[in-house]
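S.K.: coordinates only, no sequence provided:
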């Protein structure tokens with residue numbers, strides 16, 4: 001198993017992935033990364049919402065956007081991990097259709113592991 005760690009920036013740049021940031025003016029409010037390698041599996045990394053921006057639906061909007069980018073890049077399977085200290089994140093992933101899977105890395109801080117199959121069109 002590979003340890004989850006800070007990805008090489010090229011893994012989060014097109015055509016492999018992307019790093020999305022939501023702003024209010026010049027102030028960053030939220031971010032999420034898509035770590036890919038050009039294969040059909042990619043990992044969602046570093047979803048973060050500023051405390052002052054929580055409760056506005058930004059996490060859901062960013063997750064929807066990152067899934068769309070993954071689809072555009074030909075990714076078929078998305079994975080992510082998270083920590084038990086983030087119960088709101090765990091609940092959101094489940095609500096968005098992510099299913100819990102077995103551990104896929106040896107990140108010592110991750111307690112939950114999720115996967116989502118990405119369809120090639122919105123209508124599927």
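M.R.: Right, received. Where do you want to start? Just so we're clear, the structure is a prediction, and the values are computed from it rather than from any experiment.
S.K.: the residue positioned nearest the centre of the chain pairs with what?
M.R.: Central residue of the chain (C-alpha atoms, centre = their mean): residue 44, 2.6 Å from the mean position. Beta-bridge pairing of residue 44 under DSSP bridges involves residue 34.
S.K.: that one contacts residue 36, correct?
M.R.: No - using C-beta atoms under 8 Å, residue 44 makes no contact with residue 36, being 10.2 Å away. Every C-beta, even on glycine, is put in place using the N, C-alpha and C of the backbone.
S.K.: count of residues packed around residue 25?
M.R.: 6 (other C-beta atoms under 10 Å).
S.K.: and the longest helix seen in the chain, what does it pack onto?
M.R.: Looking across the chain with DSSP state H, the single longest helix is helix 58-72. When contacts are defined as 3 or more C-beta pairs under 8 Å, 6 or more residues apart in numbering; DSSP states H and E, helix 58-72 sits against strand 18-24, strand 27-35, strand 41-49, strand 77-82, helix 87-95.
S.K.: quick one: mean pLDDT over the last one.
M.R.: For helix 87-95, the per-residue pLDDT values average out at 97.
S.K.: run the chain-centre distance for the following helix or strand past it.
M.R.: Using DSSP states H and E, the helix or strand that follows helix 87-95 in sequence is strand 99-100. Here strand 99-100 is found 14 Å from its chain centre; the criterion is C-alpha atoms, centre = their mean, to the nearest Å.
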